[in-house]
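Participant: What shape does this take:
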Amino acid sequence: MNDVKPLSNPTRPCPHRRLCKKCDQNRGEALNLCAREMTMISWLNVIAVLLYCAAIASCLRAAASAGRSGLPKRHRSTFLGTAALFAFFALSRLLSGEDRLREWLRAQLREQGAYADRGDIQTVLVLVLALVAIGTLAFLVKRLWSVRTRPLSFLRQATVVAGLSFTALYALRIISLHSVDAVLYAGPLRPNWISDIGLTLAITAMGLIYTRLARKHA
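Facilitator: Residues are numbered from 1 along each chain as shown. As a prediction, the model looks like this:
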């Protein structure tokens, strides 16, 4: 019986060991970078949820003040609706609702055979959202004259516009059009974060100001 010749000398060092070590090191650095990014995203989610909760509390206080001051029911309904909207956004953050909804929509497009044409669908939806945003902004600018004469009405309308703007931002993230994502997630200070935090703080501030003015109105 012939002896089987070993495929390689076990005592001979691997000529690619240095390369393998370098690959392992690069892989480890990549994993560490991903871990840091995931940690940062987790902390951003926590901060976002806390800000949403502040907006919810502010809107609930404004709704209560509107009710006690005898203001029109639409004032109270506006702030209650905005509070409910941000409660939904907070749950969506905690449960990764955006990612789940995005994947569900993609699965529906695949089932209907329209996934390859999703770019056209996304473009139409983005254009519709842009027209709605322009219309609501124009409405708000038109109502600026009432800031001094009817500040409570202006704050209510501005809260509606801010809520619609945040909803549009949420929809843009779900639609995930490549050209829009390139803008939303560009640079270290991403416009997505700035818009998200800015709109949340604006609604929180408007709720607080409305509460103070409504108490004077009572």
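
Participant: If you average the pLDDT over stretch 186-193, what comes out?
Facilitator: Averaged across stretch 186-193, the pLDDT comes to 83.

Participant: CA atoms only: put that stretch into CSV for me.
Facilitator: This file holds the C-alpha atoms of stretch 186-193, laid out as CSV (Å, rounded to 0.1, in the frame of the first residue of the first chain):
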residue,chain,number,x,y,z
ALA,A,186,-25.5,63.6,3.7
GLY,A,187,-22.7,64.9,5.9
PRO,A,188,-21.9,64.5,9.6
LEU,A,189,-24.9,66.7,10.5
ARG,A,190,-27.5,64.9,8.5
PRO,A,191,-30.5,67.0,7.3
ASN,A,192,-32.7,64.1,8.4
TRP,A,193,-31.6,64.6,12.0
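
Participant: neighbouring contacts of that stretch?
Facilitator: Residues outside stretch 186-193 that contact it (CB atoms under 8 Å, 6 or more residues apart in numbering) are 44, 169, 173, 183, 184, 185. All C-beta spots, glycine's among them, are computed from the backbone N, C-alpha and C.

Participant: Which single one of those is nearest to residue 156?
Facilitator: residue 169 (20.7 Å; CB to CB).

Participant: Does the closest one touch residue 195 like I think?
Facilitator: Yes - look at residue 169 against residue 195 with CB atoms under 8 Å: they come within range, at 5.5 Å.

Participant: What's the first helix or strand after the host helix or strand of residue 169?
Facilitator: Here residue 169 sits within helix 151-175, counting by DSSP states H and E. Per DSSP H and E, helix 151-175 leads on to helix 178-184 as the next helix or strand towards the C-terminus.

Participant: Packing partners of that following helix?
Facilitator: Contacts defined by 3 or more CB pairs under 8 Å, 6 or more residues apart in numbering; DSSP states H and E place helix 178-184 against helix 151-175, helix 191-217.
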